[in-house]
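> Following is a predicted model, sequence given first.
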Amino acid sequence: MTLTNVLEVDGVVKSFGGFKALNGVSLKVSQGEIVGLVGPNGCGKTTLVNVVSGIYSCDGGSVRLGGKDVTHLPAHKRVLFGVNRTFQVPKPFKDMTVQENVELAWNFGGRHGSLRDSVLGTTGLEDLKDRVTSTLNTAQQKRLDLARALATNPQVLFVDELGAGLNPSELSDLAEMLRGISKLNVALIVVEHLMGFLEALTTRVVVLEAGKEIFEGNIKDAIRDKKVVEVFLGG
Ligand SMILES: Nc1ncnc2c1ncn2[C@@H]1O[C@H](COP(=O)(O)OP(=O)(O)OP(=O)(O)O)[C@@H](O)[C@H]1O
């Protein structure tokens, strides 16, 4: 079976002043794949999410979505080419209900696709759809962030530290939810520090350090890799 690359990031560079937060990072992800993106604090994970989703422009390299070069498109246009992301700190419209937030995201995403009607079910928010968002707890707000991103019908979805602060039972529900989303042919790039969570979820991890990729492969091999161990444990 030939897998289609829905995301192709090639040699991306991003600088802040004289500091290179990303220094030639490449990444290919195929339809429905779940890839872990890991590395120590400040290695460039969120910057990569911001560059691919179009929040930041890049200073070199290219980003292709579904074969289309989107390197110079702003975030709101890239959404229409099938990329979206969640945020480490969710920022829903707090005075709106859960359903209204999802509707707004669906409008923003160009009103495409069939996910709109199923996202509340997929993210376990059906019973909360009429709740004003400010009354949701942290785990529920994170699920709403996921629902809003899904409502734009992404082919590629970055999930940025969605597991942080969740208890083991909430983490297990989240893993199940993400597996369900990948079965809808959405490619997931999961940014996470929780290695156990990633081991149960991903087929492949990419490890960044100081803006460069230092490992790509199976997580079992990653935790035995000399360079990876050095980066995480200082040797
Ligand atoms: N807007 C910005 N302006 C200046 N420096 C930035 C900016 N955004 C990120 N950086 C710097 O770029 C580097 C990479 O940051 P980034 O947030 O991508 O790391 P990260 O791997 O996501 O870290 P964490 O695991 O802590 O979330 C850091 O040194 C950070 O301070």
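Sure thing, it's come through. Numbering: from 1, shown residues only.
> okay, CA-based contacts and neighbour counts for the rest of this
OK.
> buried stuff in the lowest-mean-pLDDT helix or strand in the chain?
Here the helix or strand of the chain ranked lowest by mean pLDDT, DSSP states H and E is helix 226-233, holding a mean of 86. For helix 226-233, burial by neighbour count (16 or more other C-alpha atoms under 10 Å) applies to 227-228, 231.
> Quick check: chain neighbours aside, which residue is closest to the residue nearest the centre of the chain?
Central residue of the chain (C-alpha atoms, centre = their mean): Phe158, 1.1 Å from the mean position. Spatial nearest neighbour of Phe158, excluding adjacent residues (C-alpha to C-alpha, 6 or more residues apart in numbering): Arg85 at 4.4 Å.
> how close does that neighbour get to Ile223?
Distance, Arg85 to Ile223, by C-alpha to C-alpha, to the nearest Å: 27 Å.
> who has more neighbours, those two?
Arg85 (24 against 13; other C-alpha atoms under 10 Å).
> Am I right that the more buried one is in contact with Leu157?
Yes - between Arg85 and Leu157 there is a contact under C-alpha atoms under 8 Å: 5.3 Å.
> residues bridging contact with these two, i.e. touching both?
Each of Ala149 lies in contact with both Arg85 and Leu157 under the rule C-alpha atoms under 8 Å, 6 or more residues apart in numbering.
> Give me the distance between Lys94 and Val35.
31 Å.
> Give me the more crowded residue out of the two.
Applying other C-alpha under 10 Å to Lys94 and Val35 shows that Val35 carries more neighbours, namely 25 against 14.
> Cool, thanks, signing off.
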